[in-house]
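Participant: build me a structure from this.
(one chain, ligands or ions: 1)
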Amino acid sequence: MLRFAPSPTGDMHVGNLRVAIFNYLVAKQTNDKLLIRIEDTDKERNIEGKDKEILALLDLFGIKYDQVVYQSGNFHIHQQMAKQLLDKGKAFVCFCDEEELNKEREKAKKEKRPYRYSGKCENLSSKEVEKLIKEKKPFVIRIKKPESDIEFNDEIKGEFKFSPFDVDSFVILRNDYTPTYNFACAVDDMLYDISLVIRGEDHLSNTPKQIHIRKSLGYDKDIKYAHLPIILNEEGKKLSKREKHASVKWLLEEGFMPEAIANYLILLGNSFEKEVFTLDEAVEFFDLKKVSRAPAKFDIEKLKFLNKEHMKKIDNLAEYLGYHPQYEELLKIFRDESATLKEIKEKFEAVFEKAKDDEYKNEREIIKKEILENELEDNYDDFKKRVMKNTGLKGKKLFMPLRELFINQKHGAEIKDLYQAMKSYLKEVVKTR
Ligand code: GLU
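Facilitator: Predicted coordinates for the structure are as follows:
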């Protein structure tokens, strides 16, 4: 089984979505199941409703999954497992309080060395432990650091080796008995028989900890890992969650199609013979092992190019955008000159608004009268001849106000094409100007 494990602590960003997509592709290729695990272990950071939002986004992108679980539903199992580790002598009760630990952290910082747990509580006798628990002294549970190096081979990034010092004796159960991220994650990957973990590179340093947890629990089955390189912004720095185009919601609101976003994220850090494809087409040729090890740069221009390509594939554009079918031809004209759905909509909606520019107001009034008082010709050239003759206008003074009357813009599509597309409702439009 594969899994996508989002935390319901914020908006889904492109990095998360890419992880979801890659998991989906591999699950399809290997005929495996895909589990969605909502990692809601951190009560304070959870945001109400984010879980539903994430699931709705997965549906929107066509990422089908087999099961959804909430990590908090397994707390009782995490607690049992922590107890098992205590009983086996692989974990210990730790009474060090935050103040004490912070002092040690600061000291390490001053001495310019990485902070590690002092080991103070590791050798408390069971009598001492019992006594402190009776006194109601708060405690956490820490796993003992490994005795030897933890090694693994990442499917994308290659070989890794972490020393016991790197792994450290870290907290697995907090003082409110909730599991830490690493503990819940490692145990759940074991419980759901996960075969391959695909996730962001920011979790690389967690991997030896999670492997160590499972080893300590006596779980021998090997779980493979693939850590995806980070996504960089246009300046070459890590694309932060706070940058607007990192948010999937923002991209959708800006009028990027889910198909184009998925296409773009699959292409990022990859190269294939074709550039434009759907999620399900990518199942045929995607190769996790060939994903580049180097960070990939987010390029909004490339995304716009792909969006244009996917917009071309929409058959019933008016229906897709929620407009009356009579506007299909006009919408298609706008599509040819737009990079996003939002741009098409803005151009279309402007058609029904009052004139926004007065440079050609007089000419507009003259032509407006001419249009409203006469029958419209079938053919644009006949229409143009008549308007020129009756108004005496030509060149810029004819075409600019004419285009404004049609679509409320001085520049843009060919008037001839607009005329053909809009003829049946042109008078209604012209009236609004
Ligand atoms: N919940 C983690 C995150 O959203 C993912 C953890 C994992 O995939 O192991 O970053």
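Participant: show me the contacts for the residue in the stretch 251-400 of the chain that the ligand sits nearest to.
Facilitator: Nearest residue of the stretch 251-400 of the chain to the ligand: L288, at 15.1 Å (C-beta to the nearest ligand atom). Bear in mind the C-beta positions are built from the backbone N, C-alpha and C, glycine included. Each residue near L288 by C-beta atoms under 8 Å, 6 or more residues apart in numbering is listed here: F22, L25, V26, E155, I156, I198, A226.
Participant: list the buried residues of stretch 379-391.
Facilitator: Buried residues in stretch 379-391, counted by 16 or more other C-beta atoms under 10 Å: Y380, F383, K384, R386, V387, T391.
Participant: what's the helix or strand for the second one?
Facilitator: When elements are assigned from DSSP states H and E, F383 belongs to helix 380-391.
Participant: show me what that helix is packed against.
Facilitator: On a contact count with 3 or more C-beta pairs under 8 Å, 6 or more residues apart in numbering; DSSP states H and E, helix 380-391 meets helix 361-373, helix 396-407, helix 415-422.
Participant: contact partners of stretch 72-81?
Facilitator: Outside stretch 72-81, the residues that touch it by C-beta under 8 Å, 6+ apart are D40, T41, L173, Y177, T178, P179, F183, A184, V187, D188, L191, L217.
Participant: related to what we said a few turns ago, out of the contacts of L288, which sit inside strands?
Facilitator: I198, A226 (DSSP state E).
Participant: which one's the longest helix in this structure?
Facilitator: When the chain is parsed with DSSP state H, its longest helix is helix 14-30.
Participant: can you name the next helix or strand after that one?
Facilitator: Counting by DSSP H and E, the next helix or strand C-terminal to helix 14-30 is strand 34-38.
Participant: sheet partners, orientation included, of that next one?
Facilitator: strand 2-4 (parallel), strand 67-70 (parallel) (DSSP bridges).
Participant: among these, which is nearest K144?
Facilitator: Closest approach to K144 among the strands paired with strand 34-38 is made by strand 2-4 (27.3 Å; C-beta to C-beta).
Participant: contacting residues around the closest one?
Facilitator: 19-20, 23-24, 26-27, 30, 32-37, 58, 63, 65, 189, 192, 194-198.
Participant: filter these to the buried ones?
Facilitator: Applying a neighbour-count criterion of 16+ other C-beta under 10 Å, the buried members of the contacts of strand 2-4 are 19-20, 23-24, 26-27, 32, 34-37, 58, 63, 65, 189, 192, 194-198.
Participant: dump the strands paired with strand 34-38 to a markdown table, plus mean neighbour count.
Facilitator: Shown next, in a markdown table, are the strands paired with strand 34-38 (neighbours: other C-beta atoms under 10 Å):
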| stretch | mean neighbour count |
| --- | --- |
| strand 2-4 | 24 |
| strand 67-70 | 14 |
